[in-house]
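> Structure for the following, please:
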Amino acid sequence: MRNLARLLVLIIIVFLCIWPASCCNNFDDFCDKAEEQFEELGESNSLTDILNRRLRERRSIAPSWEKKEAAQKVTETLDYLFAESTYDKRFRPGFGGPPDNIEVNIFIRSMGPVDESLQKFTFDCYFRQKWTDLRLVFNSTNLQELPMNWQFLSKIWRPDTYFLNGKDSYLHKIAVPNRFIRIAPNGRISYSQRLTVTARCQMNLRKFPLDTQACPLEIGSFGFDDDDLTYSWETIPLSMDDALELAQYQMIAWHHGSKIVKMKNGERSVVFLSFDFQRAIGFYVLQVYIPLYIIVMSSWVTFWLVKTEKGQETPARTQLGATTVLAVVTIGFGGKAKPQVGYATALDVFIIICFMSVFTALIEFAFINFLDMFIRRLKHRDLVRVMTLNDMTRSMTAPLVHIKKLERGSQPRPNAVLQQTGDNIDLNRRFSDARASLAQRRQSDKAENNVESHNDIPNMLEALDKVEPGAQPDESWTDAGWRVLFNRMANYNWLGYVRKTNLYHDTTDVINSLDAGSRKIFPG
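Residues are numbered from 1 along each chain as shown. As a prediction, this is how the structure comes out:
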C-alpha cells in the first residue's frame, strides 16, 4: 500500500509540473522545460510548497488569457458593427432626426507667417472633432475606447468640415498620414488630424507699421445646414505650444464664438476664432526710420555752409541736396518691406514728409539763386531801357528810328553788360542818380523840344514794358528764355509789382533774410 501511495503521489506531481509548463510555452510567457520541474523535487521541498508555487504561477498566466480574450472580443465587435449590421456611412448619425453636434478643438503647434501683402496667415495645428454615432455603440469589452488606424476612417461617416475663409491646407504625411480615430463604447468618436492651414485675413494697413490686425478662422460644414449639423467649441477651444513665437507679430489675444451664416442653399452653423496680432516694429525702426532720420538731418548741413559773394558754396550745397533726395527715394520708395496697397499708410506719410524735407532744402537753395539772377537780369533790362529812353529824349527828329533803337537796345548782352558774377556792374543800385540826371536833361531840353518830363521812373518802365523786343541773331537759349519770361510777365503787369517790392531795391538784404529764415525752419 505504501508503494502504491508513493506511485500515485509521483504521478500527481509529474502532472502538475508538465501541464503548467506546456501551457506557459503555448502562451510564450516563459520557457521552462519539463525536465527542469523535477529538479525541485527533493527531500527539502514539501508537497505543499510545490503546490503553492504552482498556484502562484497559474495566477500570473491569467492576464495573458484576458488579453487574448479581449482582442478576440474587439475583433468580434468590429465584425458585428461593420459586417453584420446595417451600418451605412453615406448617412449621418440620426438621419431624419435632430441635428448632430460636432465639438471642435484646436491645438496650435506653430503660427506664421502673417503676410500683409497677400492678406493671409498660416498656422500648423492639431484639428480635433468629436461627435456621437449611436450605430457604433458596443459593450462587449472592458476597454474605455478603441484606438483605430487611419485606414479605418474610410469605413465610418465623417463630417464634411472645412474652413470658410481658408485659402490652402494640407494634411501632414510624414511618414504616414497624421490622423487617427477613437471610438468609445457609447458611440462617441474622436477624430484628430494634423493640418497646415492658410486662411484669408482682411487687413487694414492705414496705420502700418504701428497696426494691430484681427485675423479670423471660420469653421463649418460644407454641405449640411444647421438642421443637420451644428458646431460648437469644447470647454477648452484653443491651446497653443508654450514656445509659440512669430517673426514680425505678437499674438496679444484671441477670441472664440459661434454664429449662423446665411448662404444661397441655406443657413450654416459656424464656429470662429479671432487672433489679434500686434506688429513688432523693430525691423522698421532699424531699416527705415533711423536711416531716414539721419538722411534728413544730413540735408540740414547745406544751411550751415557760409554764403559767399562769388557763390563758392554752390557746388557743395547742390551735391549734398541731390544726394539726400536720392537716398530718401532709394530707402523710402524702393524698399520691399512696404505693403502694396492702394492707399497711403503711416509709413508712406513718414517717407513723404522726409522726402519733402530734403527736397525743400534743395529747392530753397535753387529758389534763392533764381531770385538773385531774376532781379539781376530785370535790373539790367530796366537799366538798358532807361538809358535808351534818355538818348531818345535828346532828339525828336527821328522818333521811329529811336523806337527801333529801343527794341534793339533792350536786349541784354551777357558778354559785355551782364557778367556771370556781377562784379563789374552794380545791379542793386536804385535809379536815383539816373532819375536825377534824366530830370536835369529833360529840364534843359524842355524849351527846345517841348517834351514833357517823366519824373516817375516806375510808371515810365511800365510804359516801356509794352514794347516787346524781338530775338537777336546772336542770342543764346538762356537769354531767349529770360526774354520770353519778362515779356510774359510784362503782359500781365507783374514786373510793375516786382519793382515796388523790397526785393527789387534791397536784393541782398532780402535774400540773406530768406536764407536766415530757412535756417530757423530747418534746425541748424
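> Mind naming the longest helix for this structure?
When the chain is parsed with DSSP state H, its longest helix is helix 346-392.
> any idea which element residue 190 lies in?
strand 188-200 (DSSP states H and E).
> and that strand, what does it pack onto?
Applying 3 or more Cβ pairs under 8 Å, 6 or more residues apart in numbering; DSSP states H and E, one finds that strand 188-200 makes contact with strand 120-132, strand 166-171, strand 179-183, strand 212-221. Placement of C-beta: from N, CA and C, glycine included.
> of all these, which lies closest to residue 355?
Residue 355 lies closest to strand 212-221 among the helices and strands packed on strand 188-200, at 27.2 Å (Cβ to Cβ).
> CA atoms only for stretch 321-339, dumped as CSV, please.
Presented in CSV, the C-alpha positions along stretch 321-339 are these (Å, rounded to 0.1, in the frame of the first residue of the first chain):
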residue,chain,number,x,y,z
GLY,A,321,20.9,118.3,-51.6
ALA,A,322,20.7,116.0,-54.6
THR,A,323,22.4,113.1,-52.7
THR,A,324,20.0,113.3,-49.8
VAL,A,325,17.0,113.4,-52.2
LEU,A,326,18.2,110.3,-54.0
ALA,A,327,18.9,108.5,-50.7
VAL,A,328,15.4,109.1,-49.4
VAL,A,329,13.9,107.8,-52.7
THR,A,330,16.0,104.7,-52.6
ILE,A,331,15.2,103.7,-49.0
GLY,A,332,11.7,105.0,-48.8
PHE,A,333,10.2,104.3,-52.2
GLY,A,334,12.4,101.5,-53.4
GLY,A,335,12.1,99.2,-50.3
LYS,A,336,10.3,95.8,-50.5
ALA,A,337,9.2,96.0,-46.9
LYS,A,338,6.1,98.1,-47.6
PRO,A,339,2.7,96.5,-48.4
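> residues in contact with it?
116-117, 205, 208, 283-284, 287-288, 291-292, 295-296, 298-299, 302, 345, 347-348, 351, 354-355, 358-359, 361-362, 365 (Cβ atoms under 8 Å, 6 or more residues apart in numbering).
> Tell me where the stretch 101-250 of the chain is predicted with low confidence.
In the predicted model, the stretch 101-250 of the chain carries pLDDT under 70 at residues 140-142.
> Any chance of JSON lines for the helices and strands packed on strand 188-200, columns distance to residue 374 and mean neighbour count?
Shown next, in JSON lines, are the helices and strands packed on strand 188-200 (distance: least, Cβ to Cβ, whole Å; neighbours: other Cβ atoms under 10 Å):
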{"stretch": "strand 120-132", "distance to residue 374": "57", "mean neighbour count": "19"}
{"stretch": "strand 166-171", "distance to residue 374": "61", "mean neighbour count": "13"}
{"stretch": "strand 179-183", "distance to residue 374": "81", "mean neighbour count": "19"}
{"stretch": "strand 212-221", "distance to residue 374": "52", "mean neighbour count": "20"}
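> Any idea which of the ones you listed gets closest to residue 75?
If you check each of the helices and strands packed on strand 188-200 against residue 75 by Cβ to Cβ, strand 179-183 wins as the nearest, at 14.1 Å.
> Indicate each strand paired with the closest one and its parallel or antiparallel sense.
strand 146-148 (antiparallel), strand 188-200 (antiparallel) (DSSP bridges).
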